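1. What follows is a predicted protein model with its sequence.
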Amino acid sequence: MGALHNTSNEETGVPDQIRCTIEKVRDDGVYLLENGIHVLLFVGLATDPAWIQDVFGVATAAQIDIDKTKLVERDNPTSRRICDIYRSVTNARARTMKLTIVRQRDKLEIVFKHFLCEDRSTASDSHFSYVDFLCHMHKEIRAMLS
């Protein structure tokens, strides 16, 4: 997952990755998350309106058409930079990935949160995070070997 809202137009390449946890997601942020099948573009409701205007051509996050599956490159540096990042991420994969735009507090936010693999799981009674799970497995293996 990479943060797009604070990328500089002078930079090149894909921004540094951040951990896939909800604690890293801010209300004023925009994040690109890909899993090899889907590319999710999460837009926080408090994202800078100028950034939203540059990239999506609308005034607020609430006006973004989340049914679009492609980013339209607009005639400004921010839009070109975001489209370059998107192309870099998708061209690195052998298969075409579908873009899904996810607005904060929208029905698709649950899908985005599902792919935050470092968050605690509610699928089990233990509620391990991924890191907790790895530490637990390491301890179990060490106990078996000694």
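-> Received the coordinates, thanks.
2. Give me the secondary structure label for the residue nearest to residue 82 when sequence neighbours are not counted.
-> In this structure, residue 82 finds its nearest non-sequential neighbour in residue 55, 5.3 Å apart by Cβ to Cβ, 6 or more residues apart in numbering. C-beta here means a position set from N, CA and C on the backbone, and glycine is covered the same way. Here residue 55 takes the helix state, with states given by DSSP: H, G, I helix; E, B strand; the rest coil.
3. Number of residues surrounding the spatially closest residue to residue 106 that is not a sequence neighbour?
-> In space, and not counting its chain neighbours, residue 106 is closest to residue 66: 6.8 Å by Cβ to Cβ, 6+ apart. A count of nearby residues for residue 66, using other Cβ atoms under 10 Å, gives 15.
4. contacting residues around the residue nearest to residue 82?
-> Residues counted as contacts of residue 55 (Cβ atoms under 8 Å, 6 or more residues apart in numbering) are 30, 71, 74, 78, 79, 82.
5. Good, wrapping up.
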